[in-house]
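>>> Sequence and predicted model, in that order:
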Amino acid sequence: MADEPELCVSALVIEDDQLLLVRRRNDPGSGEWSIPGGRVRKGETLAEAVVRELDEETGLEGVCGAYIGLAEVIDGDHHAVILDFHVHLMEFAEPVAGDDASEARWVHLTEVSDHRLVIGLGEFLHDHGFIATYC
């Protein structure tokens, strides 16, 4: 367990009413679906971290856009503070899973809630108006 919460970022990418999702390879949330993201490295800006994580997990290049909101996840020994940003792709393409992702895919916004999402993601997407419902 880390002594302090981890500072993380996430890349929210939406193209043609589809959300970019990755299936997590490692804990926390192994096997669950998330948006690309991860820890901010020392000396790295938030924007740099967002586009790096997007590239590492999906092979896609993007530009960090507007800040969306904050998510805080406390799950057992894991505590993360996640800053979520819109990301605009340089070029639309099919994602290729890499790094911490076992799968990566585009999911229509109406079908996001059909996936087993990491803790708090469904509520975050609903609360910020990206999906209509989450069960």
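The structure has been received and is ready for your questions. As the structure is a prediction and not an experimental result, all values here were calculated from the model. Numbering: from 1, shown residues only.
>>> looking at it, L117 is touching E32, isn't it?
Yes - in this structure, L117 is within contact of E32 by C-beta atoms under 8 Å, at 6.2 Å. Backbone N, C-alpha and C define where each C-beta goes, glycine included.
>>> Neighbour count: the two, which is higher?
L117 (20 against 17; other C-beta atoms under 10 Å).
>>> residue ranges with poor pLDDT in the chain?
For the chain, the stretches with pLDDT under 70 are 1-2, 134-135.
>>> So in this structure, which strand runs the longest?
strand 62-75 (DSSP state E).
>>> mind checking how far the helix or strand just after that strand is from the chain centre?
Using DSSP states H and E, the helix or strand that follows strand 62-75 in sequence is strand 78-89. Centre-to-centre, strand 78-89 and its host chain are 6 Å apart (C-alpha atoms, centre = their mean, to the nearest Å).
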